[in-house]
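>>> need the 3D shape of this:
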Amino acid sequence: MRFIIGFLSGVLGALAGWFALAMLVIGLAGPDRDGGIAMGAFFNIGPIGGVAGFVAGVLVYVKFGIQREASPASEATGAAATPARTRVSRPFAIVVVAIVAGLAWWAWYELIRSPYLSQGYMTLNLQFKLPAGMPLPSDPAGIRIGVQEGSQTLEPALGPSWHGTDEGRRVILAYVTLTRKTSRRIVSLELPGLPAQSWTLRLPSDPDPMPGFTDWKLSDGRPTPAIEMNYRLIAER
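Take a look at the predicted model:
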């Protein structure tokens, strides 16, 4: 137990020293546009602080983490005093274990159970195909599109070329950035003079990029006139 607590104390010191020295170098270096200083500070200079921090963490453990208990001589037998016994300080061990557990949980959450997509931010391209003979809205400001991604609602943007044609029918083009893992993604569309329509995206909670657009799909409930929609996902990195 003493070795484990001492080692964990050294590891915490190494992490603190590594990040502290790297951040100090970044702060002294000033603005870094291309990220080269930050990378060098973290991977080239940071390990020096990590070694120093590990030694400091072990020394802190030796000073504050070990308690010595002297065994008094037995007055009845006149035996000589035995050497002092040592044990790990319970408060120190609790603090170390709590910090390590907290860091482990944070790493597990961010790297494994992170709420953000494993593929990084992804662009969701949307295409809405209007019924045959229906013209585009005269003012694109009247087009309201929403994407529910879990508990948040996103507002897709219309690009410079926000409309097109497919088989003689007018198509509205939009895009939005997805960031979170969720099993609930719903697209909604409101056009002037038409009932609001929505589509449930059949995507896994942590989707992969898609090679192309999906097939056209009628909106949920199929109101009249029904608008069709398809989509695709593209990784932004």
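
>>> where along the chain do the strands fall?
Along the chain, counting by DSSP state E, strands occupy 66-71, 82-88, 122-129, 144-149, 152-154, 163-166, 169-178, 185-190, 197-200, 217-218, 228-235.

>>> how about those strands in CSV, adding distance to Leu8 and mean neighbour count?
(C-beta placed from N, C-alpha, C; glycine too.) Output for the strands of the chain, formatted as CSV (distance: least, CB to CB, whole Å; neighbours: other CB atoms under 10 Å):
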stretch, distance to Leu8, mean neighbour count
strand 66-71, 14, 11
strand 82-88, 11, 12
strand 122-129, 38, 20
strand 144-149, 39, 18
strand 152-154, 38, 13
strand 163-166, 60, 14
strand 169-178, 39, 18
strand 185-190, 42, 18
strand 197-200, 47, 18
strand 217-218, 54, 14
strand 228-235, 38, 18
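
>>> ok, now which ones touch the closest residue to Leu12 other than its chain neighbours?
Once flanking residues are discounted, Leu12 sits nearest to Gly57: 5.6 Å by CB to CB, 6 or more residues apart in numbering. Contacts for Gly57 (CB atoms under 8 Å, 6 or more residues apart in numbering) come out as Ser9, Gly10, Val11, Leu12, Gly13, Ala14, Ala16.

>>> how far away is Gly57 from Arg202?
50 Å (CB to CB, to the nearest Å).

>>> now do the domain split for this structure, please.
Listed domain ranges for the chain are 2-69+86-111, 122-235 (source: automatic domain parsing).

>>> least reliable of the ones you listed going by mean pLDDT?
When the domains of the chain are ranked by mean pLDDT, domain 2-69+86-111 comes last with a mean of 86.

>>> what's the end-to-end length of that one?
30 Å (CA to CA, to the nearest Å).

>>> can I get the strands of the chain in JSON lines with distance to Ile45?
Below are the strands of the chain laid out as JSON lines (distance: least, CB to CB, whole Å):
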{"stretch": "strand 66-71", "distance to Ile45": "32"}
{"stretch": "strand 82-88", "distance to Ile45": "33"}
{"stretch": "strand 122-129", "distance to Ile45": "34"}
{"stretch": "strand 144-149", "distance to Ile45": "39"}
{"stretch": "strand 152-154", "distance to Ile45": "39"}
{"stretch": "strand 163-166", "distance to Ile45": "52"}
{"stretch": "strand 169-178", "distance to Ile45": "34"}
{"stretch": "strand 185-190", "distance to Ile45": "43"}
{"stretch": "strand 197-200", "distance to Ile45": "50"}
{"stretch": "strand 217-218", "distance to Ile45": "54"}
{"stretch": "strand 228-235", "distance to Ile45": "32"}
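
>>> nearest approach to Asp208 belongs to which of those strands?
strand 228-235 (7.6 Å; CB to CB).

>>> quick one: list the elements packing against that closest one.
Helices and strands touching strand 228-235, by 3 or more CB pairs under 8 Å, 6 or more residues apart in numbering; DSSP states H and E, are strand 122-129, strand 185-190, strand 217-218.
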